[in-house]
Structure formats: structure tokens, C-alpha cells
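>>> show me how the following folds:
(one chain, ligands or ions: 1)
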Amino acid sequence: MTTFKLLATAAMGLESIVANEVKELGYETQTENGKVFFEGNERDIAKTNLWLRTADRVKIIAGEFNAYTFDELFERTKEIEWEKFLPVDAEFPVQGKSVKSTLHSVPNCQSIVKKAIVERLKKAYHRNSFLDETGPRFKIEVSILKDKVQLSIDTSGAGLHKRGYRLDQGEAPLKETLAAALVKLSRWTPDRPFVDPFCGSGTIAIEAAMIGQNLAPGYNRDFDSEEWPWIGQKIWDEVREEAEELANYDQPLNILGTDIDHRMLTIAEENAREAGFADLIQFEQRQVKDFTTTEENGVVVGNPPYGERLGEIEIIEEMIADMGRVFAKHPTWSIYMLSSMGRFETLYGQPATKKRKLFNGFIRTDLFQFWGERSKNK
Ligand SMILES: C[S@@+](CC[C@H](N)C(=O)[O-])C[C@H]1O[C@@H](n2cnc3c(N)ncnc32)[C@H](O)[C@@H]1O
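Below you'll find the model as predicted:
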């Protein structure tokens with residue numbers, strides 16, 4: 001086994017949650033410029049891909065150096081032992097980004113890195129002709145920040161938010177990684193009731209169910225590094241078997257998703273079925289103002305519409321006021337709402353216990369948290 005410098009990438013605002021998850025999996029982390037670094041071997045690459053719920057991707061740092069000229073970029077890239085990662089038939093698209101750096105032309109940086117790797121591999125594999133790139137994929141990124149070059153290889157392939165259960169979606173679905181982060185931030189435990197009153201396509205409820213039963217989010221999907229010869233299928237089979245042993249299918253769940261729109265409920269039910277929770281998550285058509293429960297200590301996590309269009313805003317503002325009134329009747333419940341509306345607390349009729357800045361895609365939002373009082377018998 002080899003030790004690699006690994007990177008778990010995080011969406012803006014989720015860095016500390018991703019770092020916590022990496023730590024919970026047993027690694028020491030270092031966060032720099034919003035990137036979560038840790039060390040691990042081939043098995044750790046498979047394990048973190050399978051288990052990280054809030055990270056976007058897991059990457060290997062192949063090399064880091066400063067470069068101010070294209071020559072430097074070429075030579076330093078060529079010095080890296082790419083043949084240790086890439087087999088002779090590897091497909092290796094190169095993507096790039098450059099921020100506040102002398103080498104600012106991204107297309108040029110990409111093609112220079114590509115040429116340097118080609119040259120290195122041809123020499124290492126004694127090839128005179130071109131490399132046909134018909135084998136496994138190794139997506140390479142050249143990322144330059146203030147003249148510091150970081151060359152990485154993406155071990156995930158499709159982003160980790162692609163769990164494989166989303167068959168269909170509504171107008172504004174939440175990314176699975178953000179939905180999982182909201183559930184984690186709510187500190188919900190599966191012995192408590194959980195409700196998403198704006199469930200849409202069911203993302204938050206499904207992520208809660210996976211957390212509740214300790215299911216690995218990547219269990220049902222493929223990863224680019226699964227095809228890499230130096231990791232090998234055996235390691236992947238082992239981490240999947242281990243995940244199967246850690247899964248707690250017997251954990252009862254009390255999860256309900258409701259939505260005003262019956263079409264969304266059909267989609268949510270299909271997605272939940274695909275995720276393996278056909279009978280474990282309840283879905284019902286209901287307006288948030290009709291929320292009612294006899295249970296205590298529950299958790300509500302939701303992503304109400306933000307109202308981007310004229311005419312919608314008044315309706316949504318009224319709905320938030322209704323929501324504040326209805327949840328006030330259940331003081332032992334904790335409420336977590338992700339919204340971009342600045343006046344959310346005023347409309348809700350209560351100051352939030354805590355707010356946390358998050359980004360839903362490019363939309364700046366807050367997670368408004370109204371913590372419940374613990375009932376006496378808990
Ligand atoms: C931003 S979407 C939620 C998306 C969801 N998190 C997902 O991942 O698919 C907001 C949802 O709130 C629903 N909605 C709008 N007004 C509502 C109301 N008064 N009561 C309940 N649901 C409502 C919409 O039908 C829509 O599905």
C-alpha cells in the first residue's frame with residue numbers, strides 16, 4: 001500500500017462539515033483555502049468515496065510546486081512520476097483553473113500539463129507513437145492559486161452527490177451533499193421523529209434515512225478509481241462488504257416528507273423506493289400550515305421555496321408566518337429551515353437560536369435554527 005496526500009473537496013460553506021466527516025472516518029485533517037486534506041492509502045480512497053456524505057469529490061494530490069512560466073509548469077509537471085498512477089492506456093482529460101496567478105490562461109495551462117504528462121508516459125512506457133487513451137479514466141486538474149500549482153487526480157468520477165437513487169426531480173432540488181449536511185447540522189438521531197414539510201423530490205428525507213440506518217451513500221454507484229489497476233476490485237469489494245456489515249437495516253425510522261404538490265410526492269416516493277426505503281419513509285400531501293403531531297422531540301428540516309418571481313413572494317411570506325405559528329405549538333421540536341429570505345425570522349415571529357451561512361448552489365442562504373426545549377421525559 002502507498003500513502004497519498006488526499007483531498008476531499010467541499011462546496012462553499014460546507015468545508016468544516018466535510019472536515020468533521022473525514023475526521024469521523026478516522027483521519028487527521030488539515031484545511032487550507034477551503035480544501036480538506038488528509039492522508040490515506042488505496043483502501044482509504046475506496047472507503048472515503050463510499051462513505052463521505054457531504055464532500056463533492058476525493059482527489060489525489062499528484063504534485064505541488066510554484067510556477068511563473070509555462071516552461072516551469074511543463075518541466076515540473078514532467079518530473080512527477082505519472083506512470084505510478086496512469087497505465088499506458090489511461091484516458092486523462094485535463095481541466096484547469098487559475099486564480100490570482102501569473103499563468104492565468106487556463107487553456108494554455110491545461111494543454112501544457114497534458115503535453116508534459118504525455119511526454120513523461122511515452123518515455124516511461126517506451127512509446128514513440130501517440131497514446132491511445134482507451135483505458136480507465138483519470139481526470140486531472142491543474143489548479144493554480146497565487147502561482148502555487150496543484151496537480152490532482154479525481155478518484156470519484158461523477159460528483160459524490162450522485163448516489164444513484166434520484167430518478168426524477170422537481171424544479172429546485174437540493175443537492176444530496178447539502179441535504180446530508182443539513183441533516184448532520186440538525187444533530188438528529190434516528191430515535192427521534194423527522195419531518196421535511198417541503199420534501200419536493202424527497203432528498204432530505206432520503207439522506208436522513210441513510211444516516212439513520214448508517215448506510216454508505218456511495219454503496220450503489222461506481223467510481224472512476226474502481227477501474228484503476230493499482231487499486232483493484234478486491235479492495236472495493238472489501239470496503240463494500242464492510243459497509244454492508246455496518247449497515248443497520250433494523251434501525252426503525254420515523255421519517256415523514258410532506259409537500260403541497262402531489263406530483264412531487266410521486267417523484268419522492270419513486271426516489272425513496274430506488275434508495276431502498278419504500279416502506280420506511282412516509283410521504284403525504286399536506287401544506288406546512290396543516291402540520292400537526294402528538295410526538296415530542298422531533299426534528300424538522302426543510303428548504304421552503306425562496307420566491308424568486310414576483311407575486312410568489314407575498315404567498316411565501318404568509319406561509320413562513322403560518323409556519324412560525326404552527327411550529328410554536330410544538331416547543332420540544334427543533335426546526336431547521338434553509339432560506340435566502342433576509343426577513344425570515346421576522347416573518348416566522350421568533351429570532352433564530354442560531355443561523356449558519358450556507359450556499360445552495362450560488363444562492364446565499366442561511367440555515368435558520370430554532371432549537372426545541374427538551375421535554376422532561378427525555
Ligand atoms: C425548494 S423546493 C424543495 C426541494 C426539495 N428539498 C428537494 O430536494 O427536492 C420547495 C417545495 O416546497 C413545496 N411547497 C411550496 N409551498 C408549500 C406549502 N405551503 N406547504 C408545503 N409545501 C410547499 C413546493 O411544492 C416544493 O416542492
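>>> do the helix or strand harbouring D322 and the ligand meet?
Here D322, judged by DSSP states H and E, is contained in helix 312-328. Yes. Part of helix 312-328 sits near the ligand under the criterion Cβ under 6 Å from any ligand atom, namely M319. In this view, the C-beta of every residue, glycine as well, is placed from N, C-alpha and C.
>>> how far off centre is that helix?
Here helix 312-328 is found 29 Å from its chain centre; the criterion is Cα atoms, centre = their mean, to the nearest Å.
>>> closest residue of the chain to the ligand?
In the chain, no residue comes nearer to the ligand than G200, which is 2.6 Å away by Cβ to the nearest ligand atom.
>>> grab the nearest non-local neighbour of that residue.
In space, and not counting its chain neighbours, G200 is closest to G170: 4.4 Å by Cβ to Cβ, 6 or more residues apart in numbering.
>>> and I316, what does it touch?
Residues in contact with I316 (Cβ atoms under 8 Å, 6 or more residues apart in numbering) are 304-307, 341.
>>> now the two most distant members of the residues you listed.
Using Cβ to Cβ, those reach their maximum pairwise distance at P305 and M341, which is 9.8 Å.
>>> out of those two, which sits in the busier spot?
A count of neighbours by other Cβ atoms under 10 Å puts M341 above the other of P305 and M341, at 21 against 18.
>>> would you convert the contacts of I316 into TSV that also reports secondary structure?
Shown next, in TSV, are those (DSSP: H, G, I helix; E, B strand; the rest coil):
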residue	secondary structure
P304	coil
P305	coil
Y306	coil
G307	coil
M341	coil
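>>> what about the residue nearest to G200, how many residues nearby?
The tally of other residues near G170 (other Cβ under 10 Å) stands at 17.
>>> does it touch I267 like I think?
Yes. Using Cβ atoms under 8 Å, G170 is in contact with I267, at 6.4 Å.
>>> next, show the common contact partners of the two.
Shared contacts of G170 and I267, defined by Cβ under 8 Å, 6+ apart, are found at 200-201.
>>> so A272 makes contact with A278?
Yes. With contact defined as Cβ under 8 Å, A272 and A278 form a contacting pair (6.5 Å).
>>> ok, those two, which is more surrounded?
A272 (25 against 11).
>>> list the buried residues of the helix or strand where the more buried one lies.
Using DSSP H and E, A272 maps to helix 262-274. Along helix 262-274, these residues count as buried under the neighbour rule (16 or more other Cβ atoms under 10 Å): 264-265, 267-272, 274.
>>> and the residue nearest the centre of this protein?
Central residue of the chain (Cα atoms, centre = their mean): T177, 2.8 Å from the mean position.
>>> mind checking the backbone torsions on the closest residue to it other than its chain neighbours?
Excluding the flanking residues, the one nearest T177 by Cβ to Cβ, 6+ apart is H161, at 4.5 Å. With angles defined as degrees, to the nearest 10, H161 sits at phi -70, psi -20.
>>> ok, now which ones touch H161?
H161 sits next to 56, 175-177 when contact means Cβ under 8 Å, 6+ apart.
>>> so for it, what's the pLDDT?
At H161, the pLDDT value in this model is 97.
>>> quick check: the gap between it and L246.
21 Å (Cβ to Cβ, to the nearest Å).
>>> same thing with S225?
Here S225 is placed at a distance of 21 Å from L246 (Cβ to Cβ).
>>> nearest residue to K162 in space, please, no chain neighbours.
In space, K162 is closest to R221, 6.2 Å off (Cβ to Cβ, 6+ apart).
>>> let's verify that neighbour: helix, strand, or coil?
coil.
>>> count of residues packed around it?
Counted with other Cβ under 10 Å, R221 comes out at 17.
>>> go on, Y165?
Using other Cβ under 10 Å, Y165 has 22 neighbouring residues.
>>> so who does the closest residue to it other than its chain neighbours touch?
Closest residue in space to Y165, ignoring its immediate chain neighbours: A275 at 3.7 Å, by Cβ to Cβ, 6+ apart. By Cβ under 8 Å, 6+ apart, the contact set of A275 is 163, 165, 206, 209-210.
>>> just those: which are in helices?
Taking DSSP state H, the ones among these that sit in helices are 206, 209-210.
>>> need the residues of the protein near the ligand, please.
170, 172-174, 197-198, 200-201, 203-204, 259-261, 264, 287-288, 303-305, 319.
>>> how does it look with 8 Å?
Counting by Cβ under 8 Å from any ligand atom, the chain comes close to the ligand at 169-174, 179, 196-204, 258-261, 264, 267-268, 286-289, 302-306, 315-316, 319, 322.
>>> on the three-state scheme, A11 is what?
coil.
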